[in-house]
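[1] no sequence on this one, just coordinates:
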Ligand code: SAM
């Protein structure tokens with residue numbers, strides 16, 4: 001099955017720690033297989049791995065990557081999420097479904113070469129908001145919501161419940 005990979009560029013460990021953690025967790029929850037972050041950040045790696053260990057799945061995180069060569073060498077579709085891009089509803093049918101996809105999100109201003117390297121520059125609305133919101137909406141639409149409740153075979157599984165909290169724990 002084609003994989004969805006996330007590339008987060010412009011990460012500043014002190015300033016962006018919560019946002020990038022939430023970019024990673026939202027990506028994982030909504031069906032991505034991995035996140036690559038341009039700045040090395042051991043704490044971020046540890047936090048995201050700890051969630052994956054408890055809640056399951058095979059989500060990978062790697063920080064300190066060279067984003068330029070990663071984009072250049074990537075064999076698949078590169079999607080860049082930006083408020084300047086084409087409309088998400090018009091872009092979605094143009095994305096190949098039989099190839100891996102790398103989705104790029106920024107933190108601050110994104111360099112022009114990302115716009116050039118992308119196969120698709122896509123907006124999630126034409127207002128400025130957040131990389132977390134943009135990714136979550138894009139992934140949910142691209143996958144038709146199929147990953148929201150998919151089984152991750154974790155040590156901990158939350159069982160949907162109208163009231164209260166139901167959690168199943170696997171004892172090893
Ligand atoms: N001012 C920055 C720029 O001009 O590139 C954007 C900063 S924004 C806080 C961080 C990231 O959120 C962007 O790089 C983009 O990936 C994402 N983003 C924000 N609003 C978006 C929108 N309407 N559609 C798609 N992505 C968006």
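    Good, I have the coordinates. Since the structure is predicted, the reported quantities are computational estimates derived from the model, not experimental observations.
[2] quick one: contacts of stretch 143-157?
    Residues outside stretch 143-157 that contact it (CB atoms under 8 Å, 6 or more residues apart in numbering) are 29-31, 53-57, 139-140, 160, 167-170, 172. Every C-beta, even on glycine, is put in place using the N, C-alpha and C of the backbone.
[3] and stretch 102-109, by the same measure?
    The contact list for stretch 102-109 (CB under 8 Å, 6+ apart) reads 4-12, 16, 19-20, 23, 32, 67, 70-71, 74, 76-82, 110, 114, 118, 131, 134-135, 138-139.
[4] ok, which of those also contact the ligand?
    Among these, the ones lying near the ligand by CB under 6 Å from any ligand atom are 81-82, 110, 131, 134.
[5] which ones among these map onto helices?
    Among these, DSSP state H puts 131, 134 in helices.
[6] ok, which pair from the ones next to the ligand among the contacts of stretch 102-109 is furthest apart?
    For those, the maximum inter-member distance is 12.0 Å, found between 110 and 134 (CB to CB).
[7] who has more neighbours, those two?
    Neighbours of residue 110 and residue 134, each counted by other CB atoms under 10 Å, are more numerous for residue 134; the result is 24 against 19.
[8] surely the more buried one touches residue 81?
    Yes. Here residue 134 reaches residue 81: they are 4.5 Å apart, a contact under CB atoms under 8 Å.
[9] which residues are in contact with each of these two?
    By CB under 8 Å, 6+ apart, residue 134 and residue 81 have these common neighbours: 105, 124.
[10] list phi and psi for the one residue in the chain that gets nearest to the ligand.
    The minimum distance from the chain to the ligand, using CB to the nearest ligand atom, falls at residue 106 (2.6 Å). Residue 106 adopts backbone torsions of phi -100, psi -180, taken as degrees, to the nearest 10.
[11] all set now, cheers.
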